[in-house]
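Trainee: kindly return the folded structure for what I paste below:
(chains A and B)
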Amino acid sequence: MNMNRRQFFKVCSAGLTGSSIVAMGFSPTAAQAEVRTFKLARATETRNICPYCSVSCGVLIYSTGDKSKNTPAEIIHIEGDPDNPVNRGTLCPKGAGLRDMVQSANRLKWPEVREAGSAEWKKISWMEAFDRIAKHMKADRDANFMPQNKDGVTVNRWTTTGFLASSAAQNEAGYLTVKTLRALGMTSIDTQARI
Amino acid sequence: MTNHWVDIKNADLVFVMGGNPAEAHPCGFKWVIEAKKTRKAKLVVVDPRFNRTASVADYYAPLRPGSDIAFLGGVINYLISNDKIHHDYVKHYTNAAFLVDTKFGFDDGIFSGYNEEKRSYAKDSWKYQMDKDGYAMVDETWQDPNCVWQLLKKHYSRYTPDVVAQVCGTPKDAFLKVCEYIAETAAPNKTMTNLYALGWTEHSVGSQNIRCMAIIQQLLGNMGMAGGGINALRGHANVQGITDFALYAQNLPGYVGAPTDADKDRSTYLEKRTPKAMRPGQMNFGQNFPKWFTSLCKAWWGDAANKDNDFAYDFMPKLGGASDVLQMFDQMYQGKMTGFFCQGFNPLASVANKKKVSDGLSKLKWLVVMDPLATDTSEFWKPHGEFNDVKPAEIQTEVFRLPTSLFAETAGTFTNSGRVIQWRWKAADAPGDAKDDTEIMATLFLKLKEMYAKDGGAFPDPILKLTWAYNQPTKPSPEELLREINGKALADVLDPKDPTKVLVKAGEQLPSFAMLRDDGSTTCGNWIYCGVWSQAGNLSARRDNADPSGLGQTLNWGFAWPVNRRIIYNRASADLSGKPWDPKRTVLKWVGDKWGGNDVPDMRPDAAPDQNVMPFIMNPEGVARLFCRDLMAEGPMPEHYEPFESPLEANPLHPKNPKAKSNPAARVYKGDMEAFGTAKDFPFVATTYRLTEHFHYWTKQSKINAIMQPEQFVEIGEELAKEKGIKAGDKVKIRSNRGFIKGVAVVTKRIKALDVDGKKVHTVGIPIHYGFKGATKPGFITNTLTPFVGDANTQTPEYKAFLVNIEKA
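Mentor: As a prediction, the model looks like this:
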């Protein structure tokens, strides 16, 4: 069906007739060409879940590129997933701001340390961070690990280093966290679930 | 949630108390509106504030913060004294007929066995009378004065409408109106769903608030029903999952109680935690406990956990006592902790009494903050004007800040409040050098393992022998981890009824926890998740939203624990003969030779109704508990106690017994009792809450959310504003006995003064979302004000009811 944009709107203004034309599959080719391209048409769509409340709304994340190695993806839009049976495409004022969370000016980008008594942050490498933290952990564990309690019962615990775990982490990260902490003998563990 | 989000649409009455879902869970609240529109369901809200949920309710009643048990106790009394109960349900599916020990008693607010010095109970009398076969004794006529029914009736007879009005400040007619709405759902084919959130949990009696609702839902026969249940509207998108994985001290994954000092060896531990059926013929599913625990030990320590070493029982640390967040910060405050990790957790903002938290952090040798964002906690040592008035030179804590990824930058599963496990895909890399939590934990662990292998040190075995079969050791993939969580067969799993039949071949992923064994032949990282990644693949990634029943069950969307069951206790949705109480909302029914219907049966699939296997299969009783024996810290039936900071001199129910003023079993640390304020200095009740534009202390970092709600405000009623000469928009200062914050006054009709025990009580509402780091206007941390005391069972702090004073700043 050939018609220009003006003719298309004229037909549409006739109401039902116009929309039926489109519904029947006669799309006005010229008119389509003139409409601004849908910005997300060439974006990559990824299904994820809003990290805020426990409704755990399904979201669609749109990013640039095709996730190939040399084209780092940038997230350009996030909206509700219409297929998700709980949120059915909706998002609340929290979830509607998700892109600003991903792109928050306060995102951390590299490891830092604030030395004892210092008034500022200092950028360090991951290697230095892991090295120093692991040494701290081992020193405290070796000094304070309790193999037995005062009644001689084997307890094999380490209480002087504590861990607050994230309820925003995925189950798999939580599982690896609890697996490693318990293997170290830690019992001072808690999460947001309590508060 | 016993039910799930979409199921709310099946309710006849939505009763919201202790939550404000229209504000805090809007996309879930949509299903309340759906119920109203399509079923003509009613919405009733009880809250200190006329909140956003109340604004669309059919009926609203106010109450004083911290008086919920008085209100709900009044509802229980109303239902019993007006005979508004679902008789058949209560008769068969609850412990109403069970006989309680004759030594059990209750005297002026205190149950039998109290030790005032220890602030705890010896619970030997909080139990059933047992017969010679080890079963609980019952009186089917309910006449014995010591049967649960009689005790319950007597206990709540004191909670008259007048007492409710006196304690809660709720007008008597409003209370009775709410009772009438609730009572209608005692009809077998009517259901009420209860939605609650932190408004119930964040009290020194939080768990007992919820116990009250458990009693009410049993009396009404609403558990297990479509559109029924008790539904906790939880916090973070994966707070349910992280709770299931037990990132806290007292449990191991799957709510498997962690061993303590009292469990000197594996057999002692297992015997104590493996219950015996309390009535003949009951499923007593907890009898499988040894299978869950053994399979976990096998998942973690593989071949190093075997019959010869009690499946590495000694590798599992034993818990020496309480180890919750309040306890940890108290230990820190006393200088008894060396190091601390905050993984996506901002305790300076989110834990009670900021000063105590800050002083605690200052005494650490080192602190590691793993977070996608620059949190307030990570800068507790840095001066931010009056909002964080500290001197860095005086704080010797070494602080590491490690950048992590956000939701969009990882794959793996989240578990929603309705227990549905759903897979997520990664959309982009995290910015800069940020790493995923998994990689950070793996790298740190492997580094420690290397150090222990090389240099030795304290008990290295559980570290050196931890299973680590990941393709990239520092980057275990979420797929590998979810398969490990699900578990597999190490040897052929045979049918116990016919050992020639192989149910699962060695090496295969397990289809359900029914296949777990306690002989070391199966592994499973979290038994309640078993089935999520069977031989059929990753069921959490299923995306078929078809809903043939029309009930919103969507059984092929993701995977719900346990065993993809969407409504737990669903056997109770049918009568004794297996016929649904409401055939229009059939969840389960007996179809001649098995259980059928629209859900995975919460019952042995071939247990015919005439076998009398009762629906509450996780309870050794087989039935639900109106009287919960020794399972709660402060009593087997909820009793009203005042918040630790109360506007009243005494508990109006026990005016002459100071021991029964506030929760007698709540833990109070040295120094914290003294830090409680009194009504003389702090005459107003404060309650903290959340706004729809913000999520905890997180979205203050997001620009658009910061634009929508840019700064701290404080909500006060018109009458109090007038009394204090405060106008809308004035800057006000709020003080508690622990510190002060400032905010903009919002003068509102939403909070009204209530007449409580002959006294006018004003309530001040304080949103929590602000701090000195973020895109919002720099501000104070609300938890500067809150008291350092928690619920006696969960240690959830009392954020919802404390005392303040207010003045123009």
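
Trainee: okay, residue B:442 and residue B:248: tell me how far apart.
Mentor: 21 Å (Cβ to Cβ, to the nearest Å). Glycine gets a C-beta too; all of them are placed from N, C-alpha and C.

Trainee: point me to the helix or strand that includes residue B:452.
Mentor: helix B:437-455 (DSSP states H and E).

Trainee: next up, the contacts around the nearest residue to residue B:627 once chain neighbours are set aside.
Mentor: Of all residues not flanking residue B:627 in the chain, residue B:148 sits nearest, at 4.3 Å (Cβ to Cβ, 6 or more residues apart in numbering or on different chains). Residue B:148 makes contact with B:94-100, B:626-627, according to Cβ atoms under 8 Å, 6 or more residues apart in numbering or on different chains.

Trainee: backbone dihedrals for residue B:148, please?
Mentor: As for residue B:148, its main-chain torsions (degrees, to the nearest 10) stand at phi -50, psi -40.

Trainee: low-confidence ranges in chain A?
Mentor: Filtered on pLDDT under 70, chain A yields the residue ranges A:1-34.

Trainee: and the helices in it?
Mentor: For chain A, the helices defined by DSSP state H cover A:5-13, A:16-23, A:29-34, A:98-102, A:126-144, A:171-183.

Trainee: still on that earlier bit, list only buried entries from the contacts of residue B:148.
Mentor: Buried residues within those, counting neighbours by 16 or more other Cβ atoms under 10 Å in any protein chain shown: B:94-100, B:626-627.

Trainee: list the contacts of the residue lying farthest from the centre of chain B.
Mentor: The C-alpha centroid of chain B is most remote from residue B:500, which lies 43.9 Å away (Cα atoms, centre = their mean). Shown in contact with residue B:500 (Cβ under 8 Å, 6+ apart): residue B:494.

Trainee: what separates it from residue B:606, distance-wise?
Mentor: Separation of residue B:500 from residue B:606 (Cβ to Cβ): 21 Å.

Trainee: how many residues are close by residue B:299?
Mentor: 23 (other Cβ atoms under 10 Å in any protein chain shown).

Trainee: pretty sure it is touching residue B:529, no?
Mentor: No - contact between residue B:299 and residue B:529 fails when scored by Cβ atoms under 8 Å: they sit 11.3 Å apart.

Trainee: what residues are up against residue B:726?
Mentor: Per Cβ under 8 Å, 6+ apart, neighbours of residue B:726: B:716, B:720, B:732, B:745, B:747, B:806, B:808.

Trainee: buried ones among those residues?
Mentor: The buried subset of these (16+ other Cβ under 10 Å) comprises B:716, B:720, B:732, B:745, B:747, B:806.

Trainee: now the one residue sitting closest to the centre of chain A: how far from residue A:183?
Mentor: Taking Cα atoms, centre = their mean as the criterion, residue A:51 is the residue nearest the geometric centre of chain A, at 6.3 Å. Counting by Cβ to Cβ, the gap from residue A:51 to residue A:183 is 28 Å.

Trainee: next one: residue B:521
Mentor: To residue A:183, residue B:521 is 22 Å away according to Cβ to Cβ.

Trainee: of those two, who's got more company?
Mentor: For residue B:521 and residue A:183, the more surrounded residue by other Cβ under 10 Å is residue A:183, and the numbers stand at 24 against 19.

Trainee: distance of the more buried one from residue B:684?
Mentor: Separation of residue A:183 from residue B:684 (Cβ to Cβ) stands at 49 Å.

Trainee: look at the residue nearest to residue B:50 when sequence neighbours are not counted and report its pLDDT.
Mentor: What sits nearest to residue B:50 in space, not counting adjacent residues and going by Cβ to Cβ, 6+ apart, is residue B:750, at 4.4 Å. At residue B:750, the pLDDT value in this model is 96.

Trainee: same question, residue B:591
Mentor: Predicted confidence (pLDDT) for residue B:591: 96.

Trainee: contacting residues for it?
Mentor: residue B:597.

Trainee: burial of residue B:647, as a residue count?
Mentor: 25.

Trainee: equivalent analysis for residue B:289, please.
Mentor: Residues within reach of residue B:289, counting by other Cβ under 10 Å, total 20.

Trainee: repeat for residue B:423
Mentor: Neighbours of residue B:423 (other Cβ under 10 Å): 24.

Trainee: surely it is within a strand?
Mentor: Yes - residue state for residue B:423 (DSSP: H, G, I helix; E, B strand; the rest coil) corresponds to a strand.

Trainee: that one against residue B:533, yeah?
Mentor: No - Residue B:423 is not in contact with residue B:533 according to Cβ under 8 Å; the separation is 10.0 Å.

Trainee: quick check: neighbours shared by the two?
Mentor: residue B:540.

Trainee: measure the closest residue to residue A:128 other than its chain neighbours to residue B:35 for me?
Mentor: Of all residues not flanking residue A:128 in the chain, residue A:111 sits nearest, at 7.6 Å (Cβ to Cβ, 6+ apart). Going from residue A:111 to residue B:35 by Cβ to Cβ gives 49 Å.

Trainee: those two: who's more crowded?
Mentor: Legend: neighbour count by other Cβ under 10 Å for residue A:111 and residue B:35, higher for residue A:111 (26 against 23).

Trainee: identify the residues contacting the more buried one.
Mentor: The contact partners of residue A:111, taken as Cβ under 8 Å, 6+ apart, are A:123-126, A:128-129, B:400-403, B:433.

Trainee: not counting its neighbours along the chain, what's nearest the residue of chain A positioned farthest from its centre?
Mentor: Each residue of chain A has a distance to the centre, and by Cα atoms, centre = their mean the biggest one is for residue A:151: 47.4 Å. Leaving aside its chain neighbours, residue A:151 sits nearest to residue B:261 (7.6 Å; criterion: Cβ to Cβ, 6+ apart).

Trainee: neighbours of the one you found, how many?
Mentor: 17.

Trainee: my guess is it contacts residue A:156. True?
Mentor: No - using Cβ under 8 Å, residue B:261 is not in contact with residue A:156, being 11.1 Å away.

Trainee: now the common contact residues for these two.
Mentor: With Cβ under 8 Å, 6+ apart as the test, residue B:261 and residue A:156 both reach residue B:318.

Trainee: near chain A at all, stretch B:177-197?
Mentor: No - Stretch B:177-197 stays out of contact with chain A when judged by Cβ under 8 Å from any Cβ of the partner chain, the minimum separation being 9.3 Å.

Trainee: what are the buried residues along that stretch?
Mentor: In terms of neighbour count (16+ other Cβ under 10 Å), stretch B:177-197 has its buried residues at B:178-179, B:181-183, B:185-186, B:188, B:190-197.
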